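Colleague: here is the input, now give the coordinates:
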Amino acid sequence: MGPRSSKVKKVHGHEGDAAERGRKQAVEEFTESEKKRQQIQNAQRMSELKERVKREKAKLKSYTPGDMSGAGEFEDIDLSDINAVRIAVIGPAGCGKTCFINLAETILLGEDKVTAIPQSAAGEGSLYLLPHLSSLNFRLLDSRGFFSPGESYKEELIQILSGRIRDNEPIPRPNDTYGNHRHLRDVIAKRDVALLSDCIHGIISVLDYNDPKFMEYADEAKVYRRLLKENGYSTAAVVTYKTTEAITEEDRRYHQNEAAKAIGSSIDRTFSLLNHVALGTEITVETEMTIVDILKTALLGAESFIKVQKQLEKYKFEDEIRDILTEDQRISVVDFMTSLENKYAWTKAEVNNVIEIFDNNYIDTVQRLNQKWEEVEDKITPWTIKDLIKEELDELLL
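Modeller: Residues are numbered from 1 along each chain as shown. Take a look at the predicted model:
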């Protein structure tokens, strides 16, 4: 009985080992299967992301003003004078403004077309208002980094937004010792506000989460936020990272919230971006998608700004004409055509040709033009000008 019992135990022991090995093998097979399934899903997601990035990049390359807002938004607004939407990239010195533009140029145009070259860490960075992406229908304008976004920066920002500081000009400051900066400050201050086409239409504001003052900007940037809000700008905010360490989603959200508060942007217009240029690392497809989303957000905000400014221009023009009519019911066709020339950016030759037609038909006032319109309308070319004259005339004499 004893030996047999021992033999039974050994058999049972072998069966237990076999069962354990079976369980381990099943777990390993399941784990491997899950791993492969996850790899397939990840590969599929990456493939879909690459396709989306490709489509969105193509849209940006073929972009024309108004595209982001969709059909109908600018149906009654003339955008022919807006050759390129102008977006200023602003932020503290060393925050990654030029690196951001460099990344945008790289993914849209290719490395061989990059014009935004970051300065060394020891340098101040760009001292000029430098336009980039000049081959596209929108521009990113690199600006001089500020050291404090308070009252001292306000006047400089106003000059940039208003177009008083022109492309490729230095951005002078009171304590500058560079060349003719002091003289240039006086020249810029005396300039008129530029035409809407030459003003800044959109803002991308960049902050570096490693900036020692990162947490202070929410308080320091009150003047900055108020100025942008009062002037109708909807800012896109970017938090840059210069680290190869993994950043938790919780930290990322926290930094985005702080940046949104500092800049005055909404959280859905605030982005996190790994600074591949500063790190010297390869640009990932996720970074490409982030750059695309930032540009689309900034362009949408810029189009909203342009739309509002165009509407204000129209209301101002109509008010001025009504004021003239109130003072003198005999407004001249010369004054009328000069107003339209400024509004629609017609050439002097086009306007003079129309005025000559009016002179030849003894039309000297808008009232007289209204009375004799059917006699002269077929003589006015091109038809686009004729239609706009009639449209403005009808609205004027309502």
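
Colleague: any idea of the mean pLDDT for the biggest helix by length in the chain?
Modeller: Secondary structure of the chain per DSSP state H: the longest helix is helix 2-61. The average pLDDT within helix 2-61 is 75.

Colleague: the helix or strand following that helix packs against which elements?
Modeller: Using DSSP states H and E, the next helix or strand after helix 2-61 towards the C-terminus is strand 85-90. For strand 85-90, the elements it packs on are helix 97-109, strand 138-142, helix 151-161, strand 202-208, helix 285-327, judged by 3 or more C-beta pairs under 8 Å, 6 or more residues apart in numbering; DSSP states H and E. Placement of C-beta: from N, CA and C, glycine included.

Colleague: please redo it, this time with the cut-off set to 10 Å
Modeller: Under the contact criterion of 3 or more C-beta pairs under 10 Å, 6 or more residues apart in numbering; DSSP states H and E, strand 85-90 touches helix 97-109, strand 130-132, strand 138-142, helix 151-161, strand 202-208, strand 236-241, helix 285-327.

Colleague: quick one: closest of these to S265.
Modeller: Of all the helices and strands packed on strand 85-90, strand 236-241 sits nearest to S265, with 4.1 Å by C-beta to C-beta.

Colleague: direction included, what does the closest one pair up with?
Modeller: The sheet places strand 236-241 alongside strand 202-208 (parallel), strand 270-274 (parallel), with pairing taken from DSSP bridges.

Colleague: ranking those by burial, who's on top?
Modeller: Most buried of those, by mean neighbour count (mean count of other C-beta atoms under 10 Å): strand 202-208, with a mean of 27.

Colleague: related to what we said a few turns ago, quick check: which of the strands paired with strand 236-241 is nearest to I171?
Modeller: I171 sits nearest to strand 202-208 of all these, at 15.5 Å, using C-beta to C-beta.

Colleague: how many degrees apart are that closest one and strand 85-90 in direction?
Modeller: Computed by axes from the mean of the first three to the mean of the last three C-alpha atoms, to 10 degrees, the angle separating strand 202-208 from strand 85-90 equals 20 degrees.

Colleague: next, the angle helix 285-327 makes with strand 202-208.
Modeller: Using the same axes, to 10 degrees: strand 202-208 against helix 285-327 is 140 degrees.

Colleague: how far does strand 202-208 sit from the chain's center?
Modeller: Offset of strand 202-208 from its chain centre (C-alpha atoms, centre = their mean, to the nearest Å): 9 Å.

Colleague: next up, the contacts around the closest residue to L129 other than its chain neighbours.
Modeller: Spatial nearest neighbour of L129, excluding adjacent residues (C-beta to C-beta, 6 or more residues apart in numbering): I165 at 5.3 Å. Listed by C-beta atoms under 10 Å, 6 or more residues apart in numbering, the contact set of I165 reads 128-129, 141, 143-144, 156-159, 171-172, 184-185, 188, 191, 194, 200.

Colleague: try I263
Modeller: Contacts for I263 (C-beta under 10 Å, 6+ apart) come out as 90-91, 149, 203-207, 217-218, 221, 224-225, 228, 235-239, 269-270.
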